[in-house]
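Asks: Dropping a prediction and its sequence here:
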Amino acid sequence: MSKCINSSIRLFFTTAIFFLSTFLSLAQFSIHGTYDAYLASSRNAKDSLPFMVSSAAINQMDLNLLELEFRYETKLLTAHLAPAVGSYMRKNYSTELPWRRNIYEGYLEAKWKKSKIALGSFSSPYTQETPRGVDQLSYSRSLAAEYVPYYVAGLRWSQDWSSQFSTQFFITNSWQRLSLSGVRPSLGALLQWKFDTWNLNWSHFYGDLAPIGKLPPVLAQNRWRFFQEINANKKVGNLAFQACAYLGLQRHLQQNYLWGQVNVQLQKEFDKHFSVSSRFEYFYDPQQVLSTFDQGGFGSFSVGYLKEFAPVLQLGQELRYFAGSGQQIPVLYSFLRLKF
């Protein structure tokens, strides 16, 4: 009897080890990351830019973002976890639960054919820029990206409809919130067209901004937000072009408050390791729905260069001039970025 039991146990563990080894052989584990540190100098500012989150520290060295991406992927499932530290995380995630304040992204995703369903928290689907500075033309982040959700949490359905058209649809916890709020979920969408030399993205948000708990009467009438954004990029030879525009509507009592922005960026590569870029942008928020920096419009102009000393190392500088009706702030960024 004992021999039969021992044989069954050995068979069980042998079978389990076989299936586990088969599963691991079909899976792929990868680690990537980004590092973004900078020195910003200005005579007309104190210690920070009050209207920015990314690269906001002035006259001091700062670590904007250090992020690691752990990814475990099989044919049907993907587990993605991206812990991060830096001033971007401290400022942007400060209202979240302590154990979530250093999670840039974290989700589980199931895949079949050309569809994917993911549950967790994701970086923002809005505008062409992300906190990962290595993925954009200019070093600093546009005002456009500073005034959309930095992250969303909930469900994401991704679908490739053809080689040129794909979509993402979201059910999320409001404009930017990780914890469940108990209010009606918000809806988001991203439609993407990809062609040989240019891409077009169209994103949407329709949602409830109510906080957790009982609503005071005024806030109950000030909770709905609608938002649409379009961005496009094109590359021809050694020239790259990007443009982004969006318009938002905030319900306020019996009124609708509007805000919006537009920005244009251009980059020229002189060789594979050296490029020059420039950006012009304008942000308008007369009722100060999102920004209290300037009641009228404000914007910036920037010009900079980027030098790649290795596939993973980038050094450069960017001169950016912020201008509003009340004040003007010139800033010189010197930066070091790693992508691995």
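Replies: In hand now; what should we look at? Please read these numbers as outputs of a predicted model, since none were measured by experiment.
Asks: make it CA atoms for all contacts and neighbour counts henceforth
Replies: OK.
Asks: Next, give phi and psi for Phe301.
Replies: Here is the backbone geometry of Phe301 (degrees, to the nearest 10): phi -130, psi 140.
Asks: and it, bridged to which residues?
Replies: Beta-bridge partners recorded for Phe301 (DSSP bridges): Phe280, Tyr321.
Asks: I figured Ile230 hits Gly248, correct?
Replies: No. In this structure Ile230 lies outside contact range of Gly248 using C-alpha atoms under 8 Å: 12.0 Å.
Asks: Name the nearest residue to Ser124, ignoring sequence neighbours.
Replies: Tyr151 (4.5 Å; C-alpha to C-alpha, 6 or more residues apart in numbering).
Asks: quick one: low-confidence ranges for the protein?
Replies: Applying pLDDT under 70 to the chain picks out residues 1-27, 45, 181-183, 210-222, 253.
Asks: all helices of the stretch 151-300 of the chain, in order?
Replies: In the stretch 151-300 of the chain, the helices defined using DSSP state H, counting those that start in this stretch lie at 217-220.
Asks: those strands in it, which residues are they?
Replies: 151-160, 165-172, 186-194, 198-208, 224-236, 239-252, 255-271, 274-284, 297-310 (DSSP state E, counting those that start in this stretch).
Asks: Run through who's touching the first one.
Replies: Identification of contacts with strand 151-160 by C-alpha atoms under 8 Å, 6 or more residues apart in numbering yields 114-124, 166-178.
Asks: Can you tell me the strand partners of that strand and which way each runs?
Replies: strand 115-123 (antiparallel), strand 165-172 (antiparallel).
Asks: Can you get me a residue count around Ala175?
Replies: Just to correct that, residue 175 is Trp rather than Ala. Trp175 has 23 neighbours, counted by other C-alpha atoms under 10 Å.
Asks: next one: Trp112
Replies: Neighbour tally, Trp112, other C-alpha under 10 Å: 11.
Asks: I figured it was touching Leu77, is that so?
Replies: No. Trp112 lies out of contact with Leu77 (C-alpha under 8 Å); the separation is 9.0 Å.
Asks: Now render the strands paired with strand 151-160 as CSV, adding mean neighbour count and distance to Ser277.
Replies: Output for the strands paired with strand 151-160, formatted as CSV (neighbours: other C-alpha atoms under 10 Å; distance: least, C-alpha to C-alpha, whole Å):
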stretch, mean neighbour count, distance to Ser277
strand 115-123, 19, 25
strand 165-172, 20, 29
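Asks: closest one to Gln287 among those strands?
Replies: Closest to Gln287 of the strands paired with strand 151-160 is strand 165-172 (C-alpha to C-alpha; 25.9 Å).
Asks: dump the residue contacts of the residue nearest to Arg320 when sequence neighbours are not counted.
Replies: In this structure, Arg320 finds its nearest non-sequential neighbour in Ser302, 4.1 Å apart by C-alpha to C-alpha, 6+ apart. Applying C-alpha under 8 Å, 6+ apart, we find Ser302 in contact with 278-280, 318-321.
Asks: I would like the residues contacting stretch 53-64, please.
Replies: Residues contacting stretch 53-64 (C-alpha under 8 Å, 6+ apart): 36-42, 45-50, 86-88, 91-92, 131, 140-141, 146.
Asks: what number of residues lie near the nearest residue in space to Pro149 that is not next to it in sequence?
Replies: Counting by C-alpha to C-alpha, 6+ apart, Gln176 is the residue found nearest to Pro149 once chain neighbours are left out, at 5.3 Å. Using other C-alpha under 10 Å, Gln176 has 17 neighbouring residues.
Asks: how far away is Lys116 from Ile58?
Replies: Separation of Lys116 from Ile58 (C-alpha to C-alpha, to the nearest Å): 42 Å.
Asks: quick revisit: tell me how far the residue nearest to Ser124 lies from Phe170.
Replies: 12 Å.
Asks: Repeat that for Asn199.
Replies: 21 Å.
Asks: now swap in Phe283 and tell me
Replies: From Phe283 to Phe170 the distance is 26 Å (C-alpha to C-alpha).
Asks: again with Trp202
Replies: 14 Å.
Asks: swap in Asn233?
Replies: Applying C-alpha to C-alpha, the value for Asn233 to Phe170 is 23 Å.
Asks: What of Gln261?
Replies: Gln261 sits at a distance of 23 Å from Phe170 (criterion: C-alpha to C-alpha).
Asks: State the number of residues packed around Gln254.
Replies: Neighbour number of Gln254 under other C-alpha under 10 Å is 8.
Asks: Over to the one 5 residues further on?
Replies: Residue crowding around Trp259 was assessed by other C-alpha under 10 Å; the count is 20.
Asks: Once you drop chain neighbours, what's closest to it?
Replies: Closest to Trp259 by C-alpha to C-alpha, 6+ apart is Asp285, at 4.5 Å.
Asks: ditto for Glu96
Replies: With sequence-adjacent residues excluded and distances taken as C-alpha to C-alpha, 6+ apart, Glu96 is closest to Leu178, at 6.8 Å.
Asks: just Thr167 next, same as before
Replies: Thr167 sits nearest to Leu191 (C-alpha to C-alpha, 6+ apart), 4.6 Å away.
Asks: do the same with Tyr333
Replies: Per C-alpha to C-alpha, 6+ apart, closest to Tyr333 is Ala40, 4.5 Å.
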